[in-house]
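S.K.: Predicted model and sequence follow; I will ask about them next.
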Amino acid sequence: MHPSVKFARALAGFEETSAAWEALAGRARHLRFFQHPDWYRALFGAALANPDEFVFVTCHEGPHTTGVLPLRLGTTHTLGLPVRTLSLVEHAHASLSGGLFVDNPAGERLMPGILEALQSQTALPWDVLRLDKVPERSPLSGCVPGSAKVPGDSAVQGASAYLDTRSEEAAFGPVSNSFKRELRRRTRKAEELGPLRHEVHTAPQDLDDALTRWLAIEASGWKAAGGSAIMQDARLVAFYRTLARHFGARGECFIFILRHGDVDVAGQFGLLVNGTLNLLKIAYHEAHSAFAPGNLIMERTLRWCCAQSQVNELSFVTNPPWGHLWKPQHERVFMHRFFNPTPKGRLLHLAVRAKQWNERRLAARAAPQVPPEAAAGAQGGVTADSVLAG
């Protein structure tokens, strides 16, 4: 039996659902930072997303709200046809996304009811429901599409790296000895010129000043010269200040500063939600790059995490190229697509499948030929990734 599903539109809809959303976030066992209404409150307040383009889907079982799925309405063009899309929030500073459900299996359990309700909404026409940037350990990761009623597919988009911080052995054990020696060497080099101090700012009254200092570090080099520093965009500044204010009020915003003598040389902006410290942005002062302040602050922040009983993981959020030095674990990040089973939706699904088939054919043609004897000794079979990308 499907839950009851309700729809609310635009800013008024956000305000209408926010109380139940916050209550759901408060009892969710697997909450991620991007699932909290305060994440959307910051995006909307800074004009990085337009609430008037959103519909807020809520699931209810009796008097209880069991799920919230914020979807953005938009239009793209495929095969020369306008395609009406419903999608998760899209912005360069929103690297992960997903709805919030009361527990992990609920995403899979509630999605059929959501899809059925969406198909019956004549006032909400759509052709494709696209769920991008959904991490593997998220309620929506279980809703792999492809039923006869609602055609669809899934693909791996990337990965999110994280470190186990339940102990220093878990965090630093996998790190190579050569990199550990390099960290010690860089530390000695820096301390020959001045003391290093790792500051942790989380008190609400301290966050505003700490954020100003962090923004100055982020703008210290090529980003400011190229016009891409956060402090050069008033909307981005407002976004991070709003995150600091709302998450900070619950003790969930952390700004780490590494000082070398009297100078701020590196900084990190993080949100601590449900045992995971998510480093949304990191920065270092390029004038001090000789002793790798980005690596030195990461080492100290990692040790701080290991000393905190409430921190189980440190997440890089994305999978940055420098992350391999810390030997992180990874969770896959998925894209799920559902096609409305209308003639237009089914045509789009067939077009996507044909495109995928052609890309695989071209890739196979371009791949180097493997000698039969090598192929016989290789580990064969169909992988999970190949099925999901299929």
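M.R.: Noted; the coordinates are in hand.
S.K.: For residue 77, grab phi and psi.
M.R.: Main-chain dihedrals, residue 77, degrees, to the nearest 10: phi -130, psi 130.
S.K.: so what's the closest residue to it other than its chain neighbours up against?
M.R.: Leaving aside its sequence neighbours, residue 77 sits nearest to residue 83 (CB to CB, 6 or more residues apart in numbering; 6.5 Å). In short, each C-beta sits where N, CA and C put it, glycine included. Counting by CB atoms under 8 Å, 6 or more residues apart in numbering, residue 83 makes contact with 75, 76, 77, 127, 128, 348.
S.K.: In strands, which of the residues you listed fall?
M.R.: Those of these mapping onto strands are 75, 76, 77, 128, per DSSP state E.
S.K.: are any of those residues buried, and which?
M.R.: Among the ones in strands among the contacts of residue 83, those classed as buried by 16 or more other CB atoms under 10 Å are residue 128.
S.K.: quick one: which of the ones in strands among the contacts of residue 83 is nearest residue 111?
M.R.: Taking CB to CB as the measure, residue 111 sits nearest to residue 128 out of these, at 14.9 Å.
S.K.: Now residue 273: closest residue in space, sequence neighbours ignored.
M.R.: That would be residue 33: by CB to CB, 6+ apart, it lies 4.4 Å from residue 273.
S.K.: ok, now residue 239?
M.R.: Beyond its immediate neighbours in the sequence, the residue positioned closest to residue 239 (CB to CB, 6+ apart) is residue 46, lying 3.8 Å away.
S.K.: My read is that residue 281 contacts residue 230, right?
M.R.: Yes: counting by CB atoms under 8 Å, residue 281 touches residue 230, with 7.5 Å between them.
S.K.: Neighbour count: those two, which is higher?
M.R.: More neighbours surround residue 230 than the other of residue 281 and residue 230, with 22 against 16 (other CB atoms under 10 Å).
S.K.: wait, isn't that one in contact with residue 215?
M.R.: Yes: proximity of residue 230 to residue 215 meets the contact threshold set by CB under 8 Å, at 5.8 Å.
S.K.: shared neighbours, these two?
M.R.: Contact with both residue 230 and residue 215 is made by residues 237, 240, according to CB under 8 Å, 6+ apart.
S.K.: Kindly list the main-chain dihedrals of the one residue sitting closest to the centre of the chain?
M.R.: The centroid of the chain falls nearest to residue 96 when counting by CA atoms, centre = their mean (1.9 Å). With angles defined as degrees, to the nearest 10, residue 96 sits at phi -130, psi 160.
S.K.: got the contact list for it?
M.R.: Residues counted as contacts of residue 96 (CB under 8 Å, 6+ apart) are 32, 34, 133, 134, 135, 138, 160, 317, 333.
S.K.: Check which residues of the helix or strand harbouring the last one are buried.
M.R.: Residue 333 is part of strand 329-339, with elements assigned from DSSP states H and E. Along strand 329-339, these residues count as buried under the neighbour rule (16+ other CB under 10 Å): 331, 332, 333, 334, 335, 336, 337, 338, 339.
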